[in-house]
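In: I'd like to go over a predicted model; first the sequence, then the structure.
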Amino acid sequence: MTQPNYTIEVIESAPFGQNAFVLWHEGRTDAIVFDPGFDSRSILQLLEAKKLRLAAILDTHGHVDHIAGNAALKKAYPDAPLVIGRNETAALCDADINLSRPFGIPITSPPPDRLVDDGEKIEIAGFSFEVREIPGHSPGSVVFVCTTYDPPFVIGGDVLFAGSIGRTDLGGNYEQLMSGIFAKLLNLPDQTKVYPGHGPATTIGQEKRTNPFLLDFARSRPQARS
């Protein structure tokens with residue numbers, strides 16, 4: 001693994017306190033935007049200020065707070081592919097599924113340009129990611145795992161938070177989410193950084209030691225610890 005030579009900027013959007021991330025390599029002019037939320041203006045201003053070209057939009061899942069900026073970014077950079085997990089596509093074009101209509105702000109997104117599957121490797125803007133599908137918060141939520149740096153890092157969406165997990169009361173599944181976290185995130189090195197869709201960044205080790213949801217799940221299911 002190599003030392004980090006990239007920059008990751010977070011842009012938090014009201015009203016849900018959602019984190020969008022802009023990621024680029026030092027010395028390069030192409031950037032990735034993950035989960036553009038309602039504050040698409042700030043994302044576009046950052047790209048312009050840093051003289052960056054949008055190489056791709058990567059959505060971890062299709063809830064409105066994570067896709068609200070898709071249309072504005074596609075309008076500004078029509079050649080940048082919009083990428084989302086194969087089992088999450090229905091949310092992009094359906095204001096009920098993406099939860100925007102229930103919140104009184106019906107929003108849809110442009111269609112995806114590329115669908116990704118669990119275990120797939122993608123290379124964009126000089127970065128290499130493994131896609132890991134972890135449903136439970138939403139039907140086909142994915143995380144993007146980069147292990148080529150020390151420490152590795154994950155763009156995690158609403159799967160695992162600092163001290164918490166993604167909510168499962170909006171059509172989700174708690175058992176599915178927790179099983180996915182244990183199988184596909186907690187097997188990463190403890191120093192792996194996790195950039196979640198809400199709240200501060202954390203590490204896999206920190207969450208193993210202190211996250212009450214993970215600790216309770218492990219106690220109730222001894223096989224989860226193995």
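Out: Now that the structure is in, tell me what you want to look at.

In: which residues does the residue nearest to the spatial centre of the chain bridge with?
Out: With distances taken as C-alpha atoms, centre = their mean, the chain has residue 157 as the residue nearest its mean C-alpha position (3.1 Å). Note on residue 157: beta-bridge partners by DSSP bridges are residue 196.

In: next one: it from residue 132, what distance?
Out: As for residue 157, its distance to residue 132 is 11 Å (criterion: C-beta to C-beta, to the nearest Å). C-beta here means a position set from N, CA and C on the backbone, and glycine is covered the same way.

In: so where's the chain uncertain?
Out: Per-residue confidence for the chain (pLDDT under 70) gives these ranges: 1, 222-226.

In: show me where it has strands.
Out: Secondary structure of the chain (DSSP state E): strands located at 6-13, 18-25, 30-34, 53-58, 82-85, 114-116, 121-124, 127-133, 142-146, 153-157, 160-161, 164-165, 193-196, 202-203.

In: from residue 113, how far off is residue 165?
Out: Per C-beta to C-beta, residue 165 is found 30 Å from residue 113.

In: more neighbours: the two, which one.
Out: With other C-beta atoms under 10 Å as the criterion, residue 165 and residue 113 differ in neighbour count, and residue 165 comes out ahead with 22 against 14.

In: can you map out the helices along this structure?
Out: With DSSP state H applied, the chain shows helices at 40-49, 64-67, 70-76, 174-184, 204-210, 212-220, listed in chain order.

In: which of those sits most buried?
Out: Most buried of the helices of the chain, by mean neighbour count (mean count of other C-beta atoms under 10 Å): helix 64-67, with a mean of 28.

In: distance between that one and the chain's centre?
Out: Taking C-alpha atoms, centre = their mean, to the nearest Å, one finds helix 64-67 lying 11 Å from the centre of the chain it belongs to.
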